[in-house]
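> just a sequence and a predicted model for now, questions to come.
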Amino acid sequence: MRFVLQVLKELIQNFHLVFSLASYDIKSKYRMHNLGIIWEIITPILKIMVYWFVFGIGIRQGAPINDIPYFVWLMAGLIPWLFISPAVIQGCNSVYAKVNLVSKMKFPTSVLPGVSIISHFRNFLIMLVVLLVILLANGFSPGIYLLQLPYYLLCALAFLFSFTLLGSTISIIFRDFQLILQNAMRLIFFITPIFWDPSHLPHSYQVLLKLNPFTYLIEGFRFTFLRQGWFYTDKLFGLYFWSTTLLILFIGSFIHLKFRSKFIDYL
């Protein structure tokens, strides 16, 4: 437990640094582009339109899901994924990508995954506003269910930090992990109910589907924005998610603190 407490302490003490580095990453990424940070909005919107055309028009031929227009249903799950996926991939590569910075400045490397997460989180909040506008335009209002949005935001941030802390350490020790992760995230995209409805699956398959922590996050955001349920409805699912998150955080903290003094040697 002391490993977890040390990592969390380092994150809290360097919170200002995390936000400063995240802001710098965003500005430097689009510094040479005419549209600048606007690309942070254009890119996900283009992806959403492509997925909607392929799956909504091409495969489903515009058929709704539970009387909800497919485009609205898709947006409620896809927008969180467009935050989760790059945050995982870049967060797990954060220590390796900033090794030169680490060698010049004295600050704990445990905060670097948080930098990648926060840099994507800002854009995610903007896209959530876009999602709300689309929902209202289509006659959907989350209403009182919006009160549980902070809970699912906390779930996403906690899981992403835990996973990327572990992944960023493994990426330093075993560089092939980053390529494995990229391919795994593509697979997870298709087995997570982002663009397909899991309610028609047999119960046993739905149980297996819930072993995927990303399912809890995607369904949570969808339940919130489409008024489909409260976070405490499936207590066992929630307990599993938080147990998995805390276990990953414990393992990640232990491995990170054990090996971080040797990161330069591995590189």
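It's in.
> neighbours of residue 163, just the number please.
25 (other CB atoms under 10 Å). Bear in mind the C-beta positions are built from the backbone N, C-alpha and C, glycine included.
> the helix or strand harbouring it packs against which elements?
Using DSSP states H and E, residue 163 maps to helix 149-173. Under the contact definition 3 or more CB pairs under 8 Å, 6 or more residues apart in numbering; DSSP states H and E, helix 149-173 sits against helix 70-92, helix 94-97, helix 112-137, helix 176-191, helix 213-225, helix 235-259, helix 263-266.
> reformat those helices as a markdown table; add distance to residue 12 and mean neighbour count.
Shown next, in a markdown table, are these (distance: least, CB to CB, whole Å; neighbours: other CB atoms under 10 Å):
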| stretch | distance to residue 12 | mean neighbour count |
| --- | --- | --- |
| helix 70-92 | 18 | 22 |
| helix 94-97 | 18 | 21 |
| helix 112-137 | 10 | 19 |
| helix 176-191 | 27 | 13 |
| helix 213-225 | 23 | 23 |
| helix 235-259 | 14 | 16 |
| helix 263-266 | 22 | 13 |
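> worst mean pLDDT among those helices?
The weakest mean pLDDT among those belongs to helix 263-266, with a mean of 65.
> before we move on, back to that, when you compare where the helix holding residue 163 runs with where helix 70-92 runs, what's the angle?
Here the directions of helix 149-173 and helix 70-92 differ by 40 degrees (axes from the mean of the first three to the mean of the last three CA atoms, to 10 degrees).
> before we move on, the earlier item: right, and the helices and strands packed on helix 149-173 - which one's nearest residue 50?
Ranking the helices and strands packed on helix 149-173 by proximity to residue 50 (CB to CB) places helix 70-92 first, at 10.5 Å.
> would you put the C-alpha positions of that closest one in CSV?
What follows is helix 70-92 as a C-alpha-only set of coordinates in CSV (Å, rounded to 0.1, in the frame of the first residue of the first chain):
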residue,chain,number,x,y,z
TYR,A,70,-28.2,5.2,-34.0
PHE,A,71,-26.2,8.3,-34.4
VAL,A,72,-27.1,9.5,-30.9
TRP,A,73,-26.5,6.1,-29.4
LEU,A,74,-23.1,5.8,-31.2
MET,A,75,-22.0,9.3,-30.1
ALA,A,76,-22.6,8.5,-26.5
GLY,A,77,-20.2,5.6,-26.6
LEU,A,78,-17.7,6.7,-29.2
ILE,A,79,-16.8,10.1,-27.8
PRO,A,80,-15.6,8.5,-24.5
TRP,A,81,-13.6,5.9,-26.5
LEU,A,82,-11.9,8.6,-28.5
PHE,A,83,-10.6,9.9,-25.2
ILE,A,84,-9.8,6.6,-23.7
SER,A,85,-7.9,5.0,-26.6
PRO,A,86,-5.2,7.7,-27.3
ALA,A,87,-4.9,8.3,-23.6
VAL,A,88,-4.0,4.7,-23.0
ILE,A,89,-1.6,4.4,-26.0
GLN,A,90,0.2,7.7,-25.4
GLY,A,91,0.1,7.3,-21.6
CYS,A,92,1.9,4.0,-21.8
